[in-house]
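In: got a sequence here, can you model it:
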Amino acid sequence: MLSTAERNAQLSQQSLGRLAKEVALPGYDRSRLARGIVHVGLGAFHRAHQALYTEAVVAQGDLRWGIVGVSLRDPGVADRLAAQDHLYSVTERHGDEARTRIVGVLRDALYAPSHLAQVIRAIADPATTILTSTVTEKGYSQHPASADLDVADAAVRHDLAHPDAPKTTLGVLAAGIRSRPAGAPLTVVCCDNMARNGHSLRKLLVQYAGLFDETLARRIETQIAFPNSMVDRIVPAATPASLAWAAGRLGLRDEAAIVCEPFMQWVIEDCFAGPRPAWEDAGALLTADVRPYQAMKLRLLNGTHSAIAYAGQLCGLESVSDAMADPLVGQFARRLMLEDLRATVAAPAGYDVPAYCHELLRRFENPALAHRTQQIAMDGTQKVPVRWLPALRESLAAGVERPLLERALAGWLHYLARGRSDSGAPLTISDPGAEALIARLRAAADDGDAARAALAHEPVFGSAPWPPAFAARLARHLATLRQGGMAALLAG
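Out: Sure thing, here's the model as predicted:
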């Protein structure tokens, strides 16, 4: 329990009057805010993105849409928010320009392993008509190559044996839906970087439920809406330095403070089962087809981000802005986006793709964010199959080489196999799905064997064969990396 002095020095409902004058406050009565949304994955991205769109709707007078946030893995985020009456700050920063607001739309923050019954009740409550999720690609128990439910996953097997005591995202969603009254409308909006994310989540949830409750599976498939969506905002993880900077700006300590870029985008398929917030009034785009926006963002933003992350890690560059300022890595990232990846996307009607690309590159160069390459490099075995491999397969099928994207793929494999930067510094590889692929790479007799072994790794590269000429080019890139590092690969 915080003392009175500590409460006065920390962000809370009681201490709002002590904030710096330039900080914007919630312009509504939080005590009247109903609970209409459950969000699973209470990380910084949600709190700096979907929550802000909802905050704007609530500020316009629609108080039905308070959010119950659910954390599946980290008890700390729920504890920090509860200690602050579920208030937190968001500062949008580019260079020397900054704008800060306090967000009040979060009504509760629950750590699912400790408060599972409350989480299930919140999802089951008929007043909850929207459920959103940001749990990263690996959080949906999806096999990266087949895109089906990974029934071999230990946590999935646990939930199938104990559906009323789930640990996984799918298990928690299914348990809550199973307890909802018949006919109560629900829309589930997946906000993670998966192609056709809404449809993918519905398929996975139906597959999961069908293994123990066919009635529940049919209900999920026929009665609940799963619109596809695309989200975009660069939100680095908080650091001691960013929290200290935010405290200086606020005049109070905020243990959940977020510092992010000004840009924000949300495109949602207009397919809802019941009431929803008027997110379009807050700037979201409601459309009949999200797919062109998803493909554009996955390949141009996320695909380039991943390439920057692995090249940056190998070259000892800590942040994206550091990488963009590096002559070799920055030029590689620009050419990869503008030449290789841009050629693989079909733009939405009337969309200015070159302008979008140049805006992305400007955002990557923002030195105020300190977006760490190590953070973006996480879980490559889940990200590469979505961000790079479809573009490569499509291009190879058309007889087109993508030399820059092929170099990026070689860089990732070298990053996994070597485990050290080009200067010899050990790298932190945070990717639970990479162990078997790393073993294949390190057991290879030579670069050609390594390329073929990697491409034969079905959990990432799928079962369809890759062209021998492509494998040969990949082997040459691996040889260049082994002999001269990333600088030699990018200079070639």
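In: just the pLDDT for N8.
Out: pLDDT recorded at N8 is 60.
In: er, L2 I mean
Out: 43.
In: what is the end-to-end distance of stretch 459-476?
Out: 24 Å (Cα to Cα, to the nearest Å).
In: do the same with stretch 80-92
Out: End-to-end distance for stretch 80-92, by Cα to Cα: 21 Å.
In: could you do stretch 236-255 as well?
Out: 15 Å.
In: show me what counts as buried in that stretch.
Out: Within stretch 236-255, the residues that count as buried by 16 or more other Cβ atoms under 10 Å are 236, 238, 242-243, 245-247, 249-250, 252-255. All C-beta atoms are positioned from the backbone trio N, CA, C, and that covers glycine.
In: same check, this time on stretch 342-361
Out: 342, 344-345, 348, 356-357, 360-361.
In: in strands, which of the residues you listed appear?
Out: Judged by DSSP state E, these include no members of strands.
In: okay if I get those as JSON lines plus distance to A311?
Out: Below are these laid out as JSON lines (distance: Cβ to Cβ, whole Å):
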{"residue": "R342", "distance to A311": "18"}
{"residue": "T344", "distance to A311": "19"}
{"residue": "V345", "distance to A311": "21"}
{"residue": "P348", "distance to A311": "29"}
{"residue": "Y356", "distance to A311": "22"}
{"residue": "C357", "distance to A311": "18"}
{"residue": "L360", "distance to A311": "16"}
{"residue": "L361", "distance to A311": "15"}
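In: closest to Q265 out of those?
Out: Y356 (10.0 Å; Cβ to Cβ).
In: how much space separates the closest one from D232?
Out: Distance, Y356 to D232, using Cβ to Cβ, to the nearest Å: 10 Å.
In: ok so, going back, out of the buried residues of stretch 342-361, which are inside helices?
Out: 356-357, 360-361 (DSSP state H).
In: columns pLDDT on top of these, output as a markdown table?
Out: Converted to a markdown table, these look like this (pLDDT from 0 to 100):
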| residue | pLDDT |
| --- | --- |
| Y356 | 94 |
| C357 | 96 |
| L360 | 96 |
| L361 | 97 |
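In: would you map the helices across the stretch 51-200 of the chain?
Out: 75-82, 116-124, 154-161, 169-178, 197-210 (DSSP state H, counting those that start in this stretch).
In: pick the most buried one from these.
Out: Of all the helices of the stretch 51-200 of the chain, helix 169-178 has the most neighbours on average by mean count of other Cβ atoms under 10 Å, namely a mean of 24.
In: show the average pLDDT along that one.
Out: The model assigns helix 169-178 a mean pLDDT of 98.
In: equivalent analysis for stretch 462-472, please.
Out: Stretch 462-472 comes out at a mean pLDDT of 97.
In: what about that stretch, start to end distance?
Out: 18 Å.
In: so, low pLDDT: which residues of this structure?
Out: Regions of the chain meeting the criterion pLDDT under 70 cover residues 1-8.
In: outline the domain layout of it.
Out: Taking automatic domain parsing as the domain assignment, the ranges for the chain are 4-287, 291-491.
In: H305 against V320, yeah?
Out: Yes. Using Cβ atoms under 8 Å, H305 is in contact with V320, at 7.2 Å.
In: which neighbours do the two share?
Out: 364, 376 (Cβ atoms under 8 Å, 6 or more residues apart in numbering).
In: more neighbours: which of these two?
Out: More crowded of H305 and V320, by other Cβ atoms under 10 Å: V320, with 29 against 23.
In: quick one, what contacts the more buried one?
Out: 305, 308-309, 312, 364, 369, 371-373, 376.
In: out of these, who's nearest E458?
Out: Of all these, A309 has the smallest distance to E458: 24.1 Å, by Cβ to Cβ.
In: in which helix or strand does the closest one reside?
Out: Assigned by DSSP states H and E, A309 falls within helix 304-314.
In: what comes up buried for that helix?
Out: In helix 304-314, residues buried by neighbour count (16+ other Cβ under 10 Å) are 304-314.
In: any chance of those in JSON lines, plus distance to M296?
Out: Shown next, in JSON lines, are these (distance: Cβ to Cβ, whole Å):
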{"residue": "T304", "distance to M296": "12"}
{"residue": "H305", "distance to M296": "14"}
{"residue": "S306", "distance to M296": "15"}
{"residue": "A307", "distance to M296": "16"}
{"residue": "I308", "distance to M296": "18"}
{"residue": "A309", "distance to M296": "20"}
{"residue": "Y310", "distance to M296": "22"}
{"residue": "A311", "distance to M296": "22"}
{"residue": "G312", "distance to M296": "23"}
{"residue": "Q313", "distance to M296": "26"}
{"residue": "L314", "distance to M296": "27"}
